[in-house]
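Asker: how would this look folded up:
(chains A and B)
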Amino acid sequence: AQKVTQAQTEISVVEKEDVTLDCVYETRDTTYYLFWYKQPPSGELVFLIRRNSFDEQNEISGRYSWNFQKSTSSFNFTITASQVVDSAVYFCALRGLSYDKVIFGPGTSLSVIP
Amino acid sequence: KAGVTQTPRYLIKTRGQQVTLSCSPISGHRSVSWYQQTPGQGLQFLFEYFSETQRNKGNFPGRFSGRQFSNSRSEMNVSTLELGDSALYLCASSIGVGLQETQYFGPGTRLLVL
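Answerer: Next up is the predicted model:
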């Protein structure tokens, strides 16, 4: 079975703090893809990153960085020097070869307080 | 390039009615997926279409149906509406249907069933 867990339901940080959003996944597939999406209050999901199961390199994009560790089945997302505009719900998602549907985690609601 | 568009954006219906939602994918994208988002169940996959054929279907009753046209536009229909169908319905498009395909989401249609 495939499953995505985001244990942090809500996180609140003060602006300029760093924050890490956790994502743990379960799959029996050896080939799979992981995604992060951001959902601002407007409702539209915004694609942030895609990572395949064979690429364990960490990635940095501006203030965003991702840490993919197959050994712990985790794909964590860090925002450095958070800003108020980062306030949103963040979803981690998984798509594997055997199931072939995108499975979303429950989301983490991030509030950045000025 | 225009993003994914969904119409209508908001809809109020009463129990027992039926509703049709529309989604126009990004130009050149041939795959369209639909998701239901509710506070209790989160993001749940409804179905995926590619080249006018349904590739995948989620665990929803037969009251939920969809189709895709030759121009890749898609519609989903919900018949005999129930209160529990109140949700944000999100459409996503991608170029193809491989695991690596990134789905780009529209703003959603907020359906309220009274």
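Asker: and residue B:83, what does it touch?
Answerer: B:15, B:113, B:114 (CB atoms under 8 Å, 6 or more residues apart in numbering or on different chains). C-betas here are computed from N, CA, C, even on glycine.
Asker: which phi and psi does it have?
Answerer: phi -60, psi -40 (degrees, to the nearest 10).
Asker: distance check, it against chain A.
Answerer: 21 Å (CB to the nearest CB, to the nearest Å).
Asker: among the contacts of residue B:83, which ones are buried?
Answerer: In the contacts of residue B:83, burial by neighbour count holds for residue B:113, counting by 16 or more other CB atoms under 10 Å in any protein chain shown.
Asker: could you export the contacts of residue B:83 as CSV, including pLDDT, secondary structure and distance to residue A:112?
Answerer: Formatted as CSV, the contacts of residue B:83 follow (pLDDT from 0 to 100; DSSP: H, G, I helix; E, B strand; the rest coil; distance: CB to CB, whole Å):
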residue, pLDDT, secondary structure, distance to residue A:112
B:15, 97, coil, 40
B:113, 97, strand, 34
B:114, 97, coil, 35
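Asker: so which of the contacts of residue B:83 would you say is closest to residue B:40?
Answerer: Relative to residue B:40, the closest of the contacts of residue B:83 is residue B:113; by CB to CB it sits at 14.7 Å.
Asker: thought the closest one was touching residue B:80?
Answerer: No: counting by CB atoms under 8 Å, residue B:113 stays clear of residue B:80, with 10.5 Å between them.
Asker: understood, closing this out.
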